[in-house]
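Q: Need a 3D model of the following:
(chains A and B)
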Amino acid sequence: MWEYTDKVKDHFLNPRNVGEIEDPDGVGEVGSLACGDALKLTFKLGPDGRIADAKFKTFGCASAIASSSALTEMIKGLTLEEAEKITNEDIANYLGGLPKEKMHCSVMGREALEAAIANYRGQPLPMAQGEVVCECFGVTDLEIKRAVAESNLTSVEEVTNFTKAGGGCGKCHDRIMELILEVRKEQHAERKPAEKPKRLTNIQKIKLIEEVLEREIRPALRKDGGDIELIDVDGDVVMVSLRGACSSCVASQTTLKEYVEKKLRELVTDTLVVEEVRQ
Amino acid sequence: MSERVVYMDNNATTRVAPEVVEEMLPYFSELYGNPSSMHSFGGQVGRKIAEARERIAALIGAQPEEIIFTSCGTESDSTAILSALQSQPGKRHVVTTRVEHPAVKNLCEHLDKLFGHKHRVTALPVDREGLLDLEQYEKSLTEDTAIVSVMWANNETGVIFPIEEMAALARERGILFHTDAVQAVGKIPINLAEVPVDFLSISGHKLHAPKGVGVLYVRKGTPFFPFLVGGHQERGRRGGTENVASIIGLGKACELAAQRMNVENTKVRALRDKLEAGLLEKIPHALRNGHKDKRLPNTTSVSFEFVEGEAILLHLDRYGICASSGSACTSGSLEPSHVLRAMGVPFTMAHGSIRFSLSVYNTEEEVDFVLDKLPPIIANLRELSPFWQAEHRGAVGGAGCKCSCSS
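A: Numbering: from 1, shown residues only, chains lettered A, B, ... in the order given. A predicted model of the protein is given here:
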């Protein structure tokens, strides 16, 4: 059973603004019977250019109905410029969140809104301009890339949850992964390129561990009358032996994990595990 | 949640019969011995397990020593199929159907990974009524076929396959035959003395025994490789200390099922028929899924066009009515039930499918209650649906999607 918030349940059981406005200013239709959910949104502008009324008809599950109902409530009283800033995350937040598998319902709401606004302005639908990636659900690369960028998606599964793309035959999974990487790359290029940790060879790793022990760790332990000796390195396991005050200190295990291992992970590679060898 | 519960989801799981609970209770408290022990305190438990084995064997026309206790139907399915492949390492072809339960379907799809080499899997199609083409089945059997695994009755539609003929055709060719009978056992008569299957899976919680116990029937003389290797339990065929109380419960449940077989096929069938006929009559654009007669007596799957299954279930839930749906949204996947799709039920219908599965505990009053509550729910959801226009009594719009539904 899905864990729906009370707000989702409320909007599902008592949907607001059901129906179709006669002679509307904008109409947006997305989805299809075959796809499992569909939404028809109609709105009417007031003399002040704000959305005076909005109605919906939805075929779909509880969260699709609730998302549609929430959307109509959210856009009433907004100018079109304000309304078009509403994202699917806003719709989900309005409802107190949606199960991740159901995020596509909020995406459908936003797309219907975009379609209705484009219809009013006599413009083509921006998202429909792209190349269709998922043929099963008719999802374009532009829709996928936007969802990846806005909601920080990292896997094909997440993209499916948000856009439905890839939820059918699965043939487009490779293409979706490419798109995810493309978006990541673009985002990366925008940010300052961070220095990528290079893969260390075994020799380099061992040398670096020795160096960090000598330069950082041993001086710190010596201050408390202790010391440490590197015994061996096997893969990512760094075997050490504690000396001096450390060897009899009750807090030595904490020192080992909280200080030595942390330091080595920070300065060498983050997969290292430090173990004590008693001799 | 509603205080009243009208439970019509018995293909998902069933209520443990009070008689079964009563029979189990002592084995949680004073009679806690291990049946493998040497002392008589444990020995008395062993005798009770032997009795359960006899009761189960009696229900399906088997010998007690052909019964292996497992943890669930899935374990029984895996054990049978993997054993058949291990005992015939040269054979790498499996015949199954497109409408199997995930316990068989997903296993067959992953055989290559499990064994590290290629297997050929033939998944037989079904027709619009959910029936198999026996000629096509016969043609699919080859010298390379290690095992046939075909369910006795379908969990979603209740459609019954002709296991007698199918098993006989496999036997003639020396091919092992497994049937997942978790939905069939207890609901329709099964006599393995006359049906030449080699493996048959039972799940306790589908016939009023508890969850966590199952049975694999293995015909005497069938080569067998255990799935769980450990102690000598089940004569070395399934390691692990017996789930004593549940096994005893399953034995009692099988005894009850034998006594109630008649009720299943008269009273329960009549209730199911009344429910189905009522829904189809009261609700326009509704369709039964599955063959009308070649079906379990307790199951009905009905599709309601232009509405979505999850929404229907959540409205039913407000009245305490428990059912299930083949809709995509209920499963978390985006495509509706593989069973309905294999039957060629259009996506538009599959999304709005609801399964009611009854038991001997249902009453006519409950059926009337559902017949009273469901039609307005469908009507209200249709009012919400952009595809439903009352005056047209049909769909509008909704084209332009290149779904796999069109293929």
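Q: So A:Ile75 versus chain B, what's the distance?
A: The span separating A:Ile75 from chain B equals 18 Å under the rule Cβ to the nearest Cβ, to the nearest Å. Backbone N, C-alpha and C define where each C-beta goes, glycine included.
Q: Show me where chain A has its helices.
A: Secondary structure of chain A, counting by DSSP state H: helices at A:6-13, A:62-75, A:80-83, A:88-94, A:103-121, A:141-151, A:156-163, A:173-190, A:202-212, A:218-223, A:245-248, A:252-254, A:262-267.
Q: Counting neighbours, which bits of the helix or strand containing B:Leu271 end up buried?
A: B:Leu271 is part of helix B:269-282, with elements assigned from DSSP states H and E. Of the residues in helix B:269-282, those with enough neighbours to count as buried (16 or more other Cβ atoms under 10 Å in any protein chain shown) are B:Arg269, B:Leu271, B:Arg272, B:Leu275, B:Glu276, B:Gly278, B:Leu279.
Q: and if you look at stretch B:38-55?
A: Of the residues in stretch B:38-55, those with enough neighbours to count as buried (16+ other Cβ under 10 Å) are B:Gly42, B:Val45, B:Gly46, B:Lys48, B:Ile49, B:Glu51, B:Ala52, B:Arg53, B:Glu54, B:Arg55.
Q: What average pLDDT does that stretch get?
A: The average of the pLDDT scores along stretch B:38-55 is 95.
Q: Enumerate every residue touching residue 134.
A: Here I'm looking at chain A. A:Ile144, A:Thr163, A:Lys164, A:Ala165, A:Gly166, A:Gly167, A:Gly168, A:Cys172, A:Ile176 (Cβ atoms under 8 Å, 6 or more residues apart in numbering or on different chains).
Q: You answered for a different chain; I wanted chain B.
A: With contacts taken as Cβ under 8 Å, 6+ apart, B:Leu134 has the following neighbours: B:Pro162, B:Glu165, B:Met166, B:Leu169.
Q: go with 6 Å
A: Residues in contact with B:Leu134 (Cβ atoms under 6 Å, 6 or more residues apart in numbering or on different chains): none are found.
Q: Retrieve the pLDDT associated with it.
A: Per-residue confidence for B:Leu134 comes out at a pLDDT of 97.
Q: Any regions of the stretch 1-150 of chain B where pLDDT drops low?
A: Judged against pLDDT under 70, the low-scoring parts of the stretch 1-150 of chain B cover residues B:1-2.
Q: Can you give me the domain assignment for chain B?
A: What automatic domain parsing lists as the domains of chain B is B:6-12+B:261-390, B:18-257.
Q: Using the three-state scheme, assign the residue lying closest to B:Pro35 once chain neighbours are set aside.
A: Spatial nearest neighbour of B:Pro35, excluding adjacent residues (Cβ to Cβ, 6 or more residues apart in numbering or on different chains): B:Gly46 at 3.7 Å. Three-state secondary structure (criterion: DSSP: H, G, I helix; E, B strand; the rest coil) places B:Gly46 in helix.
Q: Also B:Ile202?
A: Recorded secondary structure, B:Ile202: strand (three-state DSSP).
Q: so where's chain A shaky on pLDDT?
A: Counting by pLDDT under 70, chain A has low-confidence residues at A:191-198, A:279.
Q: Looking at it, which residue is nearest chain B?
A: Proximity of chain A to chain B (Cβ to the nearest Cβ) peaks at A:Gly167, 3.1 Å away.
Q: pretty sure that residue is in contact with A:Asn161, am I right?
A: No: with contacts counted by Cβ atoms under 6 Å, A:Gly167 stays clear of A:Asn161, the gap being 8.5 Å.
Q: just to revisit the earlier point, generate a markdown table for the domains of chain B, with distance to A:Ile51 as supplementary columns.
A: Converted to a markdown table, the domains of chain B look like this (distance: least, Cβ to Cβ, whole Å):
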| stretch | distance to A:Ile51 |
| --- | --- |
| domain B:6-12+B:261-390 | 19 |
| domain B:18-257 | 44 |
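Q: neighbours of the residue of chain A closest to chain B, just the number please.
A: Other residues lying near A:Gly167 total 25 when counted by other Cβ atoms under 10 Å in any protein chain shown.
Q: and if you look at the one 10 residues further on?
A: The criterion is other Cβ under 10 Å. On that basis, A:Met177 has 14 neighbouring residues.
Q: was I right about the residue nearest to B:Pro35 contacting B:Asn34?
A: No: with contact taken as Cβ under 6 Å, B:Gly46 and B:Asn34 are classed as non-touching, separated by 8.8 Å.
Q: Straight-line length of stretch B:261-280, end to end?
A: 27 Å (Cα to Cα, to the nearest Å).
Q: One more: stretch B:87-97?
A: Per Cα to Cα, stretch B:87-97 runs 22 Å from first to last residue.
Q: What of stretch A:190-200?
A: One end of stretch A:190-200 sits 28 Å from the other (Cα to Cα).
Q: Please apply the same query to stretch B:189-200.
A: Stretch B:189-200 end-to-end distance (Cα to Cα) = 14 Å.
Q: Can you name the residues in contact with that stretch?
A: In this structure, residues lying in contact with stretch B:189-200 by Cβ under 6 Å, 6+ apart are B:60-62, B:80, B:164, B:167-168, B:171, B:176-179, B:181, B:217-219, B:222.
Q: could you flag which of these are buried?
A: Under a neighbour-count criterion of 16+ other Cβ under 10 Å, the subset of the contacts of stretch B:189-200 counted as buried comprises B:60, B:62, B:80, B:167, B:176-179, B:181, B:217-219, B:222.
Q: which of the residues you listed sit farthest apart?
A: Considering Cβ to Cβ, no two members of these lie farther apart than B:Ile60 and B:Leu176, which are separated by 17.8 Å.
Q: Sitting in strands, which of the contacts of stretch B:189-200 do you find?
A: When the contacts of stretch B:189-200 are checked against strands (DSSP state E), the matches are B:Leu176, B:Phe177, B:His178, B:Thr179, B:Tyr217, B:Val218.
Q: With distance to A:Pro126 and pLDDT added, can I get these in a markdown table?
A: Putting the ones in strands among the contacts of stretch B:189-200 into a markdown table (distance: Cβ to Cβ, whole Å; pLDDT from 0 to 100) gives the following:
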| residue | distance to A:Pro126 | pLDDT |
| --- | --- | --- |
| B:Leu176 | 58 | 98 |
| B:Phe177 | 57 | 98 |
| B:His178 | 54 | 98 |
| B:Thr179 | 54 | 98 |
| B:Tyr217 | 61 | 98 |
| B:Val218 | 62 | 98 |
